[in-house]
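Participant: Only the shape, not the letters, is given here:
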């Protein structure tokens with residue numbers, strides 16, 4: 001809810017030094033958002049305390065996996081949604097036409113790496129009424145340039161005001177608001193410079209947007225611009241702030257599904273709109289699967305039905321999510337663009353890697369009848385082999401012509417000299433050889449493809465974030481292409497199982513790199529993908545949770561230090577390694593036969609503690625690590 005003010009401002013150019021008069025907003029209806037009472041700058045301090053945990057972990061799978069735009073869920077998708085929500089509130093209050101100027105203040109990580117993450121573009125286009133799920137990604141650069149050049153902003157697509165980004169966007173990278181490091185404040189002013197309304201929003205990772213009073217129902221606040229359109233079950237979820245340790249033990253011991261007559265661990269009745277199988281932890285989720293003889297995917301599926309979806313709608317939404325993921329891989333491996341945007345001038349690798357895989361550079365892959373890589377879903381397009389495209393035929397002919405010309409001229413191919421090593425030595429050099437694991441090479445290629453699309457601002461699925469968006473699609477593509485005999489069944493099982501793990505991390509720790517470093521992004525994605533892979537292999541729920549634990553345990557402490565604030569280095573390669581690690585973690589769990597020492601709940605708590613202890617320099621601020629030691633522009637060798 002907006003904080004409204006009618007007191008006139010004396011200083012038009014620097015209104016933040018003037019006293020604000022907070023008043024209650026006017027959403028006089030049942031589903032109103034509580035007002036956020038703003039205080040002066042004493043709310044701002046460098047340490048952000050952990051959020052209190054809601055009663056259970058269950059949110060919608062389609063909130064966790066949401067379609068958006070690159071390069072960042074927390075710095076691009078979230079701010080765009082926040083801008084649209086702010087304008088929607090102004091329209092509801094019939095104040096939009098009174099607005100003459102608008103100030104945007106960014107705090108903490110949003111300010112520190114916002115430029116490289118396209119935060120200004122996202123907020124301004126959100127204020128113009130765009131949504132990350134539907135916006136034409138190809139129009140973003142031109143629309144942003146138009147705003148900068150014309151110094152005007154079309155609020156909600158209907159009310160034009162003067163806007164000078166140099167004057168009206170303030171960057172406080174050295175200050176953090178209390179609720180979360182990714183804080184932003186929007187304020188609008190009238191004809192005489194008087195403050196009309198103001199609000200703060202926090203982008204908490206994965207595209208979720210909350211404020212101080214709405215953080216307990218963030219699962220519908222970030223997407224439900226108008227709550228009248230949100231399903232009733234999501235509006236009336238009851239939440240408590242009891243100790244999560246107590247709730248975990250209580251539900252784990254009972255292992256029962258919720259009904260209208262059930263009670264929460266603190267004795268309150270569960271609303272009939274609650275999900276039928278609420279879980280609080282990995283242990284409580286495992287207890288539910290044993291009690292009701294259901295897989296994790298089945299538990300999550302039935303919880304989705306409590307949000308108003310039918311079986312057919314759940315299936316269609318899952319396949320839609322996969323089709324966007326699959327299309328993203330296709331775009332990444334088939335693009336004609338050679339470099340990524342930004343000062344690094346980073347060379348795209350996915351198209352080259354994919355062509356090499358399909359040309360037969362690996363033993364067993366050669367020959368004219370290289371099979372086409374089919375899509376894992378009937379709803380998505382397939383990735384055609386470059387060996388059967390005109391592009392590849394021309395490329396191959398050029399290579400042949402160059403080689404023929406070199407032979408005629410007697411010139412060697414332009415290749416770096418290879419250090420062979422001395423044969424007159426106690427340690428003899430190794431002979432050159434190539435590995436024969438093309439499936440794993442495709443896995444890496446898929447992950448890189450997705451994150452190159454993300455880095456260029458393309459269409460993406462938060463999985464659970466944009467910075468880690470390549471891990472889950474890559475592993476799922478690997479399953480549909482090289483493992484599964486029933487792709488659609490595998491897609492549903494994989495995504496629903498992965499979603500359950502993501503929900504546990506979101507409740508018990510964080511999926512925001514600004515709070516927890518890259519362990520909260522690639523680490524969580526690796527854990528989710530590990531669980532999904534094991535589930536598709538028919539592993540037991542206990543083994544699935546063990547796979548998730550291995551996936552996160554060996555990513556603990558992973559820092560977020562993007563060079564130049566761009567989601568490129570080390571992010572893109574890190575997704576490739578996260579995907580490979582996910583498959584390895586699942587294989588280890590299935591080979592261990594129930595023998596393990598660390599539970600998923602213990603690993604999630606360890607991640608939370610690690611995030612709390614981690615220096616702010618390694619939490620998506622680009623203040624240390626590779627962001628400090630690597631020179632710009634990078635010198636990137638050809639693949």
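Facilitator: Perfect, I can see it now. Bear in mind that the values here come from a model prediction, so they are computed numbers and not experimental data.

Participant: residues in contact with the closest residue in space to residue 113 that isn't next to it in sequence?
Facilitator: Take residue 113 and drop its neighbours on the chain: the residue closest to it by CB to CB, 6 or more residues apart in numbering is residue 565, 3.6 Å away. (Each C-beta comes from the backbone N, C-alpha and C, glycine too.) For residue 565, the contacting residues are 112-117, 622, 627, by CB atoms under 8 Å, 6 or more residues apart in numbering.

Participant: among these, which two are most distant?
Facilitator: Spanning the widest gap among the contacts of residue 565 are 114 and 627, at 14.4 Å by CB to CB.

Participant: any low-confidence regions in the stretch 251-400 of the chain?
Facilitator: 251-273, 360-400 (pLDDT under 70).

Participant: Could you rerun that using 50?
Facilitator: 251-270, 363-400 (pLDDT under 50).

Participant: quick one: the helices in it?
Facilitator: With DSSP state H, counting those that start in this stretch, the ranges of helices along the stretch 251-400 of the chain come out as 282-292, 296-305, 311-334, 350-359, 390-409.

Participant: To residue 492, which of the ones you listed lies closest?
Facilitator: For residue 492, the closest of the helices of the stretch 251-400 of the chain is helix 311-334, at 5.4 Å, according to CB to CB.

Participant: Buried residues, that closest one. List them.
Facilitator: Neighbour counts over helix 311-334 (16 or more other CB atoms under 10 Å) mark 314, 317-334 as buried.

Participant: In a helix, residue 90, correct?
Facilitator: Yes. The assignment for residue 90 (DSSP: H, G, I helix; E, B strand; the rest coil) places it in a helix.

Participant: Next secondary structure after the longest strand belonging to the chain?
Facilitator: In the chain, assigned by DSSP state E, the strand with the most residues is strand 195-203. Following strand 195-203 in sequence order, the next helix or strand is strand 209-210 (DSSP states H and E).

Participant: what helices or strands is that next one leaning on?
Facilitator: For strand 209-210, the elements it packs on are helix 78-92, strand 195-203, helix 218-221, judged by 3 or more CB pairs under 8 Å, 6 or more residues apart in numbering; DSSP states H and E.

Participant: Tabulate those (a markdown table), appending mean pLDDT, mean neighbour count and distance to residue 591.
Facilitator: Output for the helices and strands packed on strand 209-210, formatted as a markdown table (pLDDT from 0 to 100; neighbours: other CB atoms under 10 Å; distance: least, CB to CB, whole Å):
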| stretch | mean pLDDT | mean neighbour count | distance to residue 591 |
| --- | --- | --- | --- |
| helix 78-92 | 91 | 25 | 39 |
| strand 195-203 | 92 | 26 | 40 |
| helix 218-221 | 40 | 22 | 36 |
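
Participant: Please name whichever of these is nearest to residue 55.
Facilitator: Comparing the helices and strands packed on strand 209-210 against residue 55 with CB to CB, the closest turns out to be helix 218-221 (12.6 Å).

Participant: Give me the pLDDT value at residue 5.
Facilitator: Note on residue 5: pLDDT of 54.

Participant: Oops, could you answer that again for residue 13 instead?
Facilitator: 28.

Participant: just the one 5 residues further on next, same as before
Facilitator: Per-residue pLDDT puts residue 18 at 32.

Participant: Same question for residue 206.
Facilitator: Listed pLDDT for residue 206 reads 88.

Participant: Pull up the gap between it and residue 426, please.
Facilitator: Using CB to CB, to the nearest Å, one gets 55 Å for the distance from residue 206 to residue 426.

Participant: Look at the two and report which has more neighbours.
Facilitator: residue 206 (32 against 5; other CB atoms under 10 Å).

Participant: Find the residue closest to the most centrally placed residue in the chain in space, skipping its chain neighbours.
Facilitator: Centroid-nearest residue in the chain, with CA atoms, centre = their mean: residue 465, separated by 1.0 Å. Sequence neighbours aside, residue 73 is the residue nearest to residue 465 in space, at 4.3 Å (criterion: CB to CB, 6+ apart).

Participant: all helices for the stretch 451-600 of the chain, in order.
Facilitator: 471-482, 487-508, 513-516, 522-536, 541-553, 571-592, 600-613.

Participant: can you tell which of those helices is closest to residue 126?
Facilitator: helix 513-516 (18.8 Å).
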